[in-house]
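here is my input; please provide its structure:
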Amino acid sequence: MRFHHLALFLHLTGVALWVGGMVFIRVCLPSPTLTVAQWAETLEHFFPLSWTSIALIVITGGFMLIAVGYAHAPPGWIIMTILGTIMIAVYASAWFSPWTMLRAALAKGALAQAQAREAMRRINKRLDIVLVLATLTSVVATLGLAL
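Sure, this is the predicted structure:
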């Protein structure tokens, strides 16, 4: 086994954890019985796992891109890198802004429930955008190899 195979395995594992976690949060978890505090608790567990996954994706993707040489990389890889960078930026905006707002609102208690719900809505909107970009990236990563 070459190191490339290990890097590809780790890359795909990171993608599965990050994207799979977002699908779970947006598709499987929504329930009218969940409180904003329960959503926040779920995200408290999800964010560290997702940031670890993102680091794994960036490191292994960078390794594979450097190993092939940027000039010799398939066009799909370049597009995948661009889309991945945009995904990370949108995801980071969810973490730095509404996630911070959600935690602050929950710390204030019942008086800030509307603010907490708004923060959760903003997080979900950003996760939806990242999932659309992840779908495009998946198309590029597979069908783009035919370019």
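
tell me the SS of Pro30?
coil (DSSP: H, G, I helix; E, B strand; the rest coil).

what strand or helix carries the spatially most central residue of the chain?
Nearest to the geometric centre of the chain sits Trp18, at 5.0 Å (CA atoms, centre = their mean). Taking DSSP states H and E as the criterion, Trp18 maps to helix 3-23.

quick check: mean pLDDT of that helix?
Taken as a whole, helix 3-23 has a mean pLDDT of 95.

these two touch, right, the residue nearest to the centre of the chain and Ala55?
No. Using CB atoms under 8 Å, Trp18 is not in contact with Ala55; the gap is 10.2 Å. Quick note: C-beta positions are derived from backbone N, CA and C, even for glycine.

quick one: contacts for the residue nearest to the centre of the chain?
Neighbour list for Trp18: 50, 53-54, 57 [criterion: CB atoms under 8 Å, 6 or more residues apart in numbering].

could you dump these to JSON lines with secondary structure, neighbour count and distance to Gly69?
Shown next, in JSON lines, are these (DSSP: H, G, I helix; E, B strand; the rest coil; neighbours: other CB atoms under 10 Å; distance: CB to CB, whole Å):
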{"residue": "Ser50", "secondary structure": "helix", "neighbour count": "22", "distance to Gly69": "30"}
{"residue": "Ser53", "secondary structure": "helix", "neighbour count": "20", "distance to Gly69": "26"}
{"residue": "Ile54", "secondary structure": "helix", "neighbour count": "19", "distance to Gly69": "24"}
{"residue": "Ile57", "secondary structure": "helix", "neighbour count": "22", "distance to Gly69": "20"}
